[in-house]
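Colleague: Got a sequence here, can you build the structure:
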Amino acid sequence: MNDGGPAYPVKNRELVVDDDGSHTADVQHLGMSLRDRFAIAALQGVLASGPMFSDELDMDKVYGLVAKSAYDQADAMLKARGGDGDE
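Modeller: Numbering: from 1, shown residues only. Next up is the predicted model:
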């Protein structure tokens with residue numbers, strides 16, 4: 001699956017101490033994937049759109065459907081930007 005790569009990659013220099021002494025090294029912190037970031041944005045939109053709670057609903061199923069929908073939307077965003085969303 002194509003996750004779009006890192007959403008907020010950071011490359012910095014860190015002090016690394018090993019058995020031979022200390023030195024600096026380039027370290028890249030990848031963080032969350034772009035797919036996760038897109039899903040978060042989709043989920044925020046769904047949650048901000050209004051209440052979806054009811055005593056008559058199985059909320060575990062509702063939450064599962066909402067989470068799946070957020071990732072479906074994230075996959076569509078990845079596909080729209082040039083990836084196929086299914087790699």
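Colleague: Mind pulling up the pLDDT for the most centrally placed residue in the chain?
Modeller: For the chain, the residue sitting closest to the mean C-alpha position, by C-alpha atoms, centre = their mean, is Asp36 at 1.3 Å. Confidence at Asp36, expressed as pLDDT, is 92.
Colleague: pretty sure Arg35 contacts Pro6?
Modeller: No - using C-beta atoms under 8 Å, Arg35 is not in contact with Pro6; the gap is 10.4 Å. Any C-beta I mention is one placed from the backbone N, CA and C, and that applies to glycine too.
Colleague: out of the two, which sits in the more crowded spot?
Modeller: Just comparing Arg35 and Pro6: by other C-beta atoms under 10 Å the higher neighbour count belongs to Arg35, 21 against 16.
Colleague: returning to what we had before: part of a strand, is the residue nearest to the centre of the chain?
Modeller: No - looking at Asp36 with DSSP: H, G, I helix; E, B strand; the rest coil, it is helix, so not inside a strand.
Colleague: I'd like the distance from stretch 68-79 to the chain centre, please.
Modeller: 11 Å (C-alpha atoms, centre = their mean, to the nearest Å).
Colleague: Next: stretch 2-21.
Modeller: 19 Å.
Colleague: With stretch 18-28 instead?
Modeller: 30 Å.
Colleague: cool, and stretch 32-39?
Modeller: Centroid separation for stretch 32-39 versus its chain: 2 Å, with C-alpha atoms, centre = their mean.
Colleague: Check which residues of it are buried.
Modeller: Ser33, Leu34, Arg35, Asp36, Arg37, Phe38, Ala39 (16 or more other C-beta atoms under 10 Å).
Colleague: mind saving the C-alpha coords of it as CSV?
Modeller: Presented in CSV, the C-alpha positions along stretch 32-39 are these (Å, rounded to 0.1, in the frame of the first residue of the first chain):
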residue,chain,number,x,y,z
MET,A,32,3.6,9.6,10.6
SER,A,33,2.8,8.8,7.0
LEU,A,34,1.1,11.2,4.7
ARG,A,35,-1.8,8.6,4.5
ASP,A,36,-2.2,8.9,8.3
ARG,A,37,-2.1,12.7,8.1
PHE,A,38,-4.8,12.7,5.3
ALA,A,39,-6.9,10.3,7.4
